[in-house]
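In: 3D model of this:
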Amino acid sequence: MPTIVVVDDFKVMIMPNDHRPPHVHVFHNNGRVHISIGDNANRPFIMEAIDMSNREITKALKIVIEHQKHLLKAWRQIHG
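Out: So this is what the prediction gives:
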């Protein structure tokens, strides 16, 4: 599972054999959140969160928003 972005101990990863829609898995401490990457017309959004506080989820979402173009490009390189 390639790590695409790391910010303040938040690791943003894309799984090679994953499903659509394009999304990332963000890990922090013992929790994780799945976030849809979105595209030019749609902002990223939370798909599922496990063992993360609201504050951590918000931080993860902000990271994905800030890196949306890079993450979408990485998704397309991995998944075609």
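In: endpoints of stretch 24-43, how far apart?
Out: 13 Å (C-alpha to C-alpha, to the nearest Å).
In: can you pull out the residues in contact with that stretch?
Out: For stretch 24-43, contacts defined as C-beta atoms under 8 Å, 6 or more residues apart in numbering pick out 1, 4, 9-15, 21-23, 44-53, 56-57, 59-61, 63-65, 68, 71-72, 75. C-betas here are computed from N, CA, C, even on glycine.
In: same thing but 7 Å
Out: Stretch 24-43 has contacts (C-beta atoms under 7 Å, 6 or more residues apart in numbering) with 9-15, 21-23, 44-52, 56-57, 60-61, 63-65, 68, 71-72, 75.
In: tell me the strands in the chain, going along the chain?
Out: Assigned by DSSP state E, the chain shows strands spanning 3-7, 10-13, 23-28, 31-36, 45-50.
In: which one is Val26 nearest to, not counting chain neighbours?
Out: In space, Val26 comes closest to Ala60 once its chain neighbours are excluded; the distance is 4.1 Å by C-beta to C-beta, 6 or more residues apart in numbering.
In: pLDDT score for the one you found?
Out: Per-residue confidence (pLDDT) for Ala60: 98.
In: and the one 10 residues further on, by the same measure?
Out: The score at His70 is 96. That number is its pLDDT.
In: tell me the centre residue of the chain?
Out: Val24 (3.1 Å; C-alpha atoms, centre = their mean).
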